[in-house]
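In: structure of the sequence below:
(2 chains)
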Protein chains: 2
Amino acid sequence: MIQKLIDAIKAKDAPVVVGLDPNLSFVPKHLQDAALDKVSSVEGLSDDQRALEAAAEAVWQFNKEIVDAVYDIVPAVKPQVAMYEQFGLPGLAVYDRTVRYCKEKGLIVIGDVKRGDIGSTSASYAKAHLGRIGVYGREIPVFDVDFATVNPYLGTDGVKPFVDVCNQCDRGIFVLVKTSNPSSGEFQDILTEGGVPMYELVGQKVCEWGAQSMEGRYSNVGAVVGATYPEQGERLRKLMPNTFILAPGYGAQGASADDLSSFFDEEGLGAIVNSSRGIIAAYTKDAYSSFGPEGFAAASRAAAQDMIEDLRRAIAER
Amino acid sequence: MIQKLIDAIKAKDAPVVVGLDPNLSFVPKHLQDAALDKVSSVEGLSDDQRALEAAAEAVWQFNKEIVDAVYDIVPAVKPQVAMYEQFGLPGLAVYDRTVRYCKEKGLIVIGDVKRGDIGSTSASYAKAHLGRIGVYGREIPVFDVDFATVNPYLGTDGVKPFVDVCNQCDRGIFVLVKTSNPSSGEFQDILTEGGVPMYELVGQKVCEWGAQSMEGRYSNVGAVVGATYPEQGERLRKLMPNTFILAPGYGAQGASADDLSSFFDEEGLGAIVNSSRGIIAAYTKDAYSSFGPEGFAAASRAAAQDMIEDLRRAIAER
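Out: This is a model prediction of the structure:
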């Protein structure tokens, strides 16, 4: 699967993934109103259920317009499942619908689920999100994304079931190594005996886990490394030469394209950079406000194009 | 919320939580067959959808019978969401239905979701599982459990939104400190500079996070400490005197009641012990096989009673 992602990045010359994290505050009012109208006639729902159905419908229309506006210029999308889970079952139905729609559009889908548990439980998550679940003699794909993000805190037996499913079903994972958030250093940067920070120990394990899932130069077992931590990114790029990096944090979280230049290999590959709010809520920013709420999807396309240009420039100028 | 859990443990003299982790292999064939019959007449489903609906229905009937058999002797249940997520939307609908049913029966529900992300995303998870989500002017509870488990790898800003919701909505969390699985030591036991293992640093943070959410002696911010690691449990009990412990690993994962005696405070409180397979799949074990598959729920009750007696003895004999 990692080779498929690399091919898609090359084809579009764009190491960019659009984070589909549709906080309802990003969804223009006209879509929220239309969604409420649409569900108002559905019978048998409580007022709370109707509101959740409407929120999910608004998110779906928002996602669809954005995907339609960007699918030809970016290789991948990354829906953040929390943004759908918060609307309950209607929200998760829209997560599923969004995943399917993006795949129909030829996009690679990274499910940002950050799951991780003891072995037998991780096996269920791995089947649910990347593999197939065996019931009544059938083998059924469930949420069926191409890549999922995985939390490493439980160690090898919590990650191995995901790697196994990657190998069985040609999928990939990105394991959290150094996350983009302000307090990620609290545990991840702690120096262990010998002076090695925890995130490097996790990075070493990611290399081990990935060694049995190689496709050419890179492994299907990748790493999440926050664009907001360029020094750690540079260090990890060297420490994990065969590990593809998913780098969140560009734009709204504060990282620039120049912060990211050391995340890439000498061919300008080896990493894909996520932006969520910076793209999907572009119309709310000064730079793209002329598009207006009705033009939110065109604003997203413009923001994605600007981000792609910015990264191409930073990679070329290294 | 922690006081409500303590009161329930006292009232039933049972520091025991039943893990509702219904792997389909635990569900007796007669329930699986009946579920398939029940959904066979539903129109408009693909064969895959029908199989997932049937699996979810089988799990629901399984859970319901077990809950009916144990609700008067245990204070709490802990559904593991992965076991429901693996069946997609029908599975998550049964997770929701199980949570609601258990609350109707007076049980405290610990949603074993192990969520954790950057701050804004954790806020969505916290609202989805413990709080209320604001949409269209309404404040709506979604999955609505009493406690949730939380992964600490992202540090304070990934955990704080859960603590905030605990304070706003009178809920609780259990943060993963030292997990029960075989490879938990890979990162959690790593010695940091100064010789303190990582899990102790996490434990210290749990105390800090919980300090603003106290109810009497204990905080609404608890910790997951695997019963399979009695030495670390004893150490953490002393390090975190105001932190309630959720201890998985009894029974099927290998921990005994005597391993757990140091997890409790001098009053025999301060911890609640989970067993999943050991109770819900008791009928498949030699000790309870006389109940047979038809008597699976009665076997679960017998196993829960035996576990309660075992823990009472171990606490009394300290």
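
In: which non-adjacent residue is nearest A:Leu20?
Out: A:Pro79 (4.2 Å; Cβ to Cβ, 6 or more residues apart in numbering or on different chains). Using the backbone N, CA and C atoms, a C-beta is placed for each residue, glycine as well.

In: then the one you found would be within a helix, right?
Out: No. Counting by DSSP: H, G, I helix; E, B strand; the rest coil, A:Pro79 is not part of a helix but strand.

In: can you count the residues close to the nearest residue to A:Gly119 once chain neighbours are set aside?
Out: Once flanking residues are discounted, A:Gly119 sits nearest to A:Asp157: 4.0 Å by Cβ to Cβ, 6+ apart. Residues lying near A:Asp157 (other Cβ atoms under 10 Å in any protein chain shown) number 19.

In: likewise for the one 5 residues further on?
Out: Neighbours of A:Phe162 under the rule other Cβ under 10 Å: 29.

In: where does it fall, secondary structure wise?
Out: A:Phe162 belongs to helix A:156-169 when assigned by DSSP states H and E.

In: avg pLDDT for that helix?
Out: For helix A:156-169, the per-residue pLDDT values average out at 98.

In: now it, how far from the chain's geometric center?
Out: 18 Å (Cα atoms, centre = their mean, to the nearest Å).

In: over to stretch A:127-143?
Out: Distance, centroid of stretch A:127-143 to centroid of chain: 22 Å (Cα atoms, centre = their mean).

In: again with stretch A:172-186
Out: On Cα atoms, centre = their mean, the centre of stretch A:172-186 falls 13 Å from that of its chain.

In: buried residues in stretch A:103-113, which are they?
Out: A:107-113 (16 or more other Cβ atoms under 10 Å in any protein chain shown).

In: now do the helix holding A:Phe162: which elements does it pack against?
Out: Packing partners of helix A:156-169 (3 or more Cβ pairs under 8 Å, 6 or more residues apart in numbering or on different chains; DSSP states H and E): helix A:119-129, strand A:147-150, strand A:172-178, helix A:198-210.

In: could you dump these to TSV with mean neighbour count?
Out: Formatted as TSV, those follow (neighbours: other Cβ atoms under 10 Å in any protein chain shown):
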stretch	mean neighbour count
helix A:119-129	25
strand A:147-150	28
strand A:172-178	28
helix A:198-210	21
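
In: sec struct for the nearest residue to A:Val109 once chain neighbours are set aside, please.
Out: Closest residue to A:Val109 apart from its sequence neighbours, by Cβ to Cβ, 6+ apart: A:Val145 at 4.6 Å. When classified by three-state DSSP, A:Val145 comes out as coil.

In: and for A:Arg100?
Out: helix.

In: returning to that earlier point: give me the phi and psi for the residue nearest to A:Val109.
Out: With angles defined as degrees, to the nearest 10, A:Val145 sits at phi -90, psi 170.

In: which ones are touching it?
Out: Going by Cβ atoms under 8 Å, 6 or more residues apart in numbering or on different chains, A:Val145 touches A:99, A:109-111, A:129-130, A:171.

In: now do the same for it: its pLDDT.
Out: For A:Val145, the predicted pLDDT is 98.

In: how near is it to A:Met1?
Out: According to Cβ to Cβ, to the nearest Å, A:Val145 stands 10 Å off from A:Met1.

In: common neighbours of those two, please.
Out: In contact with both A:Val145 and A:Met1: A:Arg171, using Cβ under 8 Å, 6+ apart.

In: coming back round to it: which single one of the buried residues of stretch A:103-113 is nearest to chain B?
Out: A:Asp112 (8.1 Å; Cβ to the nearest Cβ).

In: was I right about the closest one contacting A:Gly19?
Out: Yes. Counting by Cβ atoms under 8 Å, A:Gly19 is a contact partner of A:Asp112 at 7.4 Å.

In: list residues touching both of these two?
Out: In contact with both A:Asp112 and A:Gly19: A:78-80, using Cβ under 8 Å, 6+ apart.

In: okay if I get these as JSON lines plus neighbour count and pLDDT?
Out: Converted to JSON lines, the shared contacts of A:Asp112 and A:Gly19 look like this (neighbours: other Cβ atoms under 10 Å in any protein chain shown; pLDDT from 0 to 100):
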{"residue": "A:Lys78", "neighbour count": "25", "pLDDT": "98"}
{"residue": "A:Pro79", "neighbour count": "27", "pLDDT": "98"}
{"residue": "A:Gln80", "neighbour count": "27", "pLDDT": "98"}
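
In: who touches stretch A:113-121?
Out: Taking Cβ under 8 Å, 6+ apart as the rule, stretch A:113-121 contacts A:81, A:122, A:125, A:129, A:148-154, A:157-161, A:176, B:21, B:23, B:80, B:82-83, B:114-117, B:151, B:179-182.
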